[in-house]
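Participant: pasting the structure only:
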């Protein structure tokens with residue numbers, strides 16, 4: 001990692017200029033004040049300084065919200081990934097893959113800052129909670145369940161209401 005002024009034209013083209021873009025955000029954050037190091041520069045503050053968005057959710061969170069923003073994002077992803085891993089009866093592999101895929105996507109672009117990305121992650125998280133809560137239900141063994149009644153219920157029976 002080096003300052004943007006040290007990048008050659010060939011360096012800028014590497015990986016769609018991601019290193020160059022990230023460098024601007026990281027050094028912009030490092031060049032900030034102590035207040036910026038604590039809480040960042042604020043939401044959408046990058047628009048006043050940079051021509052393009054960071055193309056990385058964590059780097060953008062660092063610039064805009066500081067270390068607390070980065071930790072919050074990592075905590076969200078970790079919590080949801082752990083919930084997917086703890087699914088016992090259901091599509092655990094698919095849920096884990098969906099979370100990992102979304103996290104990886106956030107390293108190359110920023111779906112958390114686009115409405116479509118938030119909708120997608122909301123669906124993934126909702127589906128994860130559905131299966132996690134379903135897995136957490138207490139399962140009653142078949143032998144302990146009452147047998148269903150077959151045939152007509154006698155007149156005057158307490159079972160008939």
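Facilitator: Sure thing, it's come through. Because the structure is predicted, anything quoted here is derived from the model rather than measured.
Participant: what about residue 126, neighbour count?
Facilitator: 10 (other Cβ atoms under 10 Å). (Glycine included, C-beta is placed from N, CA and C.)
Participant: Tell me the spacing between it and residue 98.
Facilitator: Using Cβ to Cβ, to the nearest Å, we find residue 126 at a distance of 11 Å from residue 98.
Participant: With residue 69 instead?
Facilitator: 23 Å.
Participant: got it, and residue 83?
Facilitator: 12 Å.
Participant: Then residue 88?
Facilitator: 17 Å.
Participant: Could you check which of these two has the larger neighbour count?
Facilitator: Neighbour totals were compared for residue 88 and residue 98, and residue 98 leads with 21 against 12 (other Cβ under 10 Å).
Participant: which residues are in contact with the helix or strand harbouring the more buried one?
Facilitator: Applying DSSP states H and E as the criterion places residue 98 in helix 92-108. Applying Cβ atoms under 8 Å, 6 or more residues apart in numbering, the contact partners of helix 92-108 are 18, 55-58, 77, 80-81, 84-85, 87, 111-112, 117, 120-121, 124, 127-128, 131.
Participant: redo that, cut-off 7 Å
Facilitator: 55-57, 77, 80-81, 84-85, 87, 111-112, 121, 124, 127-128, 131 (Cβ atoms under 7 Å, 6 or more residues apart in numbering).
Participant: Would you list the buried entries among these?
Facilitator: 55-57, 77, 80-81, 84, 87, 111-112, 121, 124, 127-128, 131 (16 or more other Cβ atoms under 10 Å).
Participant: Mark which of those residues are part of strands, please.
Facilitator: Members of those lying in strands (criterion: DSSP state E): none.
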